[in-house]
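Enquirer: I'll drop the sequence and a predicted model, then ask my questions.
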Amino acid sequence: MSKAKKGDSVKIHYTGKLVDGTVFDSSAGREPLEFTVGDGRVIPGFDEAVLGMAIGDTKNVTIPCAKAYGEKNEQLVIEVPRSQVPPDLNPELDQKLQMGGPNGEVIMVTVVGLNDEVITLDANPPLAGKDLIFDLELVAIS
């Protein structure tokens, strides 16, 4: 039976959980995730977990944050004076916003703090600094 290797296109059903059991993503009720093993489209630990799996195999794997979204970078948490926020924007905690980066790119940020003077924004990926647990089922290799 064929086993998944680098360069294979695979289809995987998955459920991703945090260490406390909170589900953050799942393919349940959807088409399986399709990607090419080793092409960098998924986090490194997910790629590594699929290697060697055969169609029908299931696996539970814990991916340390270093092989997921990395450690949280405190330099990506910034305070913006309220005077620099558009007047029609009424930010709320945990709200996702877009802002312009230094090179004109769009950066996704999350509002993590508010007071009368400043808004604190976090540009880290939401899962940065977290170990992730995945239940995997390989459904196709091509």
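Expert: In hand now; what should we look at? Numbers count the residues shown, from 1 in each chain.
Enquirer: which SSE is the spatially most central residue of the chain in?
Expert: What sits nearest the mean C-alpha location of the chain, by Cα atoms, centre = their mean, is L127, with 5.4 Å. Following DSSP states H and E, there is no helix or strand that holds L127.
Enquirer: now do the same contact list for it.
Expert: Residues in contact with L127, defined by Cβ atoms under 8 Å, 6 or more residues apart in numbering, are F24, C65, A68, Y69. C-beta coordinates here come from the backbone N, C-alpha and C atoms, glycine included.
Enquirer: remind me which residues of this structure are low pLDDT?
Expert: Of all residues in the chain, none has pLDDT under 70.
Enquirer: now do the strands in it.
Expert: For the chain, the strands defined by DSSP state E cover 9-18, 23-26, 33-36, 58-63, 77-81, 96-100, 106-114, 118-122, 132-141.
Enquirer: just send these back as CSV, with distance to A49 and mean neighbour count too.
Expert: Formatted as CSV, those follow (distance: least, Cβ to Cβ, whole Å; neighbours: other Cβ atoms under 10 Å):
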stretch, distance to A49, mean neighbour count
strand 9-18, 9, 18
strand 23-26, 15, 13
strand 33-36, 12, 16
strand 58-63, 4, 14
strand 77-81, 30, 13
strand 96-100, 28, 11
strand 106-114, 26, 14
strand 118-122, 27, 19
strand 132-141, 6, 18
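Enquirer: the ones you listed: which one's closest to I43?
Expert: Closest to I43 of the strands of the chain is strand 58-63 (Cβ to Cβ; 6.8 Å).
Enquirer: could I get the strands of the chain as JSON lines with distance to G45?
Expert: Output for these, formatted as JSON lines (distance: least, Cβ to Cβ, whole Å):
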{"stretch": "strand 9-18", "distance to G45": "11"}
{"stretch": "strand 23-26", "distance to G45": "14"}
{"stretch": "strand 33-36", "distance to G45": "14"}
{"stretch": "strand 58-63", "distance to G45": "3"}
{"stretch": "strand 77-81", "distance to G45": "24"}
{"stretch": "strand 96-100", "distance to G45": "24"}
{"stretch": "strand 106-114", "distance to G45": "22"}
{"stretch": "strand 118-122", "distance to G45": "22"}
{"stretch": "strand 132-141", "distance to G45": "7"}
